[in-house]
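Trainee: need the 3D shape of this:
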Amino acid sequence: MVREVSLDDGAPHPAPLELGGLTWPEARAALAPGAVVLLPVGAIEAHGPHLPLDTDVVIATEMARRAAVLLATAGRPVVIAPAVVYGVSYVGTCFPGTLPAPGEAVTALIASVLAVLASAGPRQLVVVNAHLEPAHVAAVAAGVAHAAAATGAAIAFPDKREARWAASLSAEFRQGARHAGAYETSLMLAARLDAVRHELLPDLPPVWVDLPARLRAGARTFADAGGVNGYFGDPAAASVAEGERLFAALARMVATAVAELPAPGAT
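Mentor: Numbering: from 1, shown residues only. Okay, the predicted model is just below:
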């Protein structure tokens, strides 16, 4: 069944091409020099008692889908690569199920995947990342730099923590209580309503902790930082409507990152 995606206009749009569902002849045709390739990146990590371990993967993949529809509507051919599932997620290891990968392994994987995709033809690629552990972001950025240097392709890695992107998200996100609170729970309600443990939300009190600040101060895990149940922010305040608004902002971030890349063939 063809999945449809809704954007700001409220109308359903056909789902974009996903590389993992193509045959190799179809992939050869899709991976043309003028195509844009989006690579979702997430992690397998605890997200409170109410969200699944693959929350970052779900969010990254949905960001890519919605951005791809925006780009296709503007006339750009787009292919979504299969998501990189494992990330540098050591701060979540105080909770069962978190599966971290070493930074050097993430760097090598990102660099390899991007380089192979670029060698197939596309000259514009974007890493669509949803996992914000600082060591993970650094590892992905290093992989992007290696791939760009090796292939000469234009590769964007938009960081939603940057002020110009964060301004369009939420106050909770900007204040640093951005892990499994209203921000990510709203996104999950919009992307995978059935994956959220709705019955738990009313009993989850807000945890107003600036997680990035606590990590900079030396906290090594979510529990050390004050998130004894693996979440920060106010998950009970989440809504589908807010998730839709946030996805629209994140899709525009990715589409803008593509627009800011050098044109294919530019020197």
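Trainee: residues contacting the closest residue to Arg123 other than its chain neighbours?
Mentor: Distances taken as C-beta to C-beta, 6 or more residues apart in numbering place Pro264 nearest to Arg123, at 4.3 Å, with adjacent residues excluded. C-betas here are computed from N, CA, C, even on glycine. For Pro264, the contact set (C-beta atoms under 8 Å, 6 or more residues apart in numbering) comprises Pro33, Gly34, Arg123, Gln124, Ala154.
Trainee: same check, this time on Ala219
Mentor: Contacts for Ala219 (C-beta under 8 Å, 6+ apart) come out as Val91, Ala225, Gly226.
Trainee: narrow these to those that are buried.
Mentor: Val91, Ala225 (16 or more other C-beta atoms under 10 Å).
Trainee: just the closest of the contacts of Ala219 to Val258, please.
Mentor: Among those, Val91 lies closest to Val258 (C-beta to C-beta), at 30.5 Å.
Trainee: I figured the closest one hits Thr221, correct?
Mentor: Yes - with contact defined as C-beta atoms under 8 Å, Val91 counts as touching Thr221 (5.3 Å).
Trainee: give me the common contacts of those two.
Mentor: By C-beta under 8 Å, 6+ apart, no residue touches both Val91 and Thr221.
Trainee: show me where this protein dips below the pLDDT cut-off.
Mentor: 1-14, 265-267 (pLDDT under 70).
Trainee: and if we set it to 50?
Mentor: 1-4, 6, 267 (pLDDT under 50).
Trainee: where do the helices sit along the stretch 51-200 of the chain?
Mentor: 55-73, 103-119, 134-151, 163-166, 171-174, 182-191 (DSSP state H, counting those that start in this stretch).
Trainee: now do the buried residues in the next helix or strand after the last one.
Mentor: If you walk from helix 182-191 toward the C-terminus, the next helix or strand you reach (DSSP states H and E) is helix 211-216. Applying a neighbour-count criterion of 16+ other C-beta under 10 Å, one finds Leu211, Pro212, Arg214, Leu215 buried in helix 211-216.
Trainee: centre of the chain to the following helix or strand past helix 211-216, how far?
Mentor: Next helix or strand after helix 211-216 toward the C-terminus (DSSP H and E): helix 240-259. Centroid separation for helix 240-259 versus its chain: 11 Å, with C-alpha atoms, centre = their mean, to the nearest Å.
Trainee: please spell out which residues along helix 240-259 are buried.
Mentor: Going by 16+ other C-beta under 10 Å, helix 240-259 has these buried residues: 242-255, 257-258.
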